[in-house]
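**Q** Following is a predicted model, sequence given first.
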Amino acid sequence: MEATDGGIGKVDRHTEDVDRSYLVVDTGPWILGHKVVLPAGLVDRVDRENETVHVNCTKKHVRESPDFEAGQNEDDITFIRLVEQYYANRHM
């Protein structure tokens, strides 16, 4: 995964739900042990040749986004809406 200003990690999983599509990103060595949720609407393009997903946000926005905890946040619509709101208001 690539933000507008550099690498942010690898896609750990994704949803295919029409109403709430998102990617769970394992930030790996960049932020050890940290996973974040990115709304699928942030995907700018997919480079199939290099197997890279480019998103329309900065590394700072990813670093400051709400933490994802497997098993707790996956089906929590309130958490997903919090993440969506965070990225919708990232210009502030």
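**A** Received the coordinates, thanks.
**Q** who touches stretch 45-60?
**A** With Cβ atoms under 8 Å, 6 or more residues apart in numbering as the test, stretch 45-60 has contacts from 1-6, 8, 11, 23, 30, 38, 42-44, 87, 90. No exception for glycine: its C-beta is placed from N, CA and C like everyone else's.
**Q** average pLDDT across that stretch?
**A** What stretch 45-60 shows for mean pLDDT is 94.
**Q** and that stretch, how far apart are its ends?
**A** 20 Å (Cα to Cα, to the nearest Å).
**Q** For the chain, give me the ranges with low pLDDT.
**A** Confidence mapping of the chain against pLDDT under 70 gives the ranges 16-20, 70-75, 90-92.
**Q** Centre-most residue in it?
**A** residue 38 (2.3 Å; Cα atoms, centre = their mean).
**Q** list the buried ones in stretch 3-11?
**A** The neighbour-count check on stretch 3-11 (16 or more other Cβ atoms under 10 Å) flags 3, 8, 9 as buried.
**Q** got a list of contacts for that stretch?
**A** So stretch 3-11 is contacted by 1-2, 23-28, 30-31, 53, 55-59, 61-62 (Cβ under 8 Å, 6+ apart).
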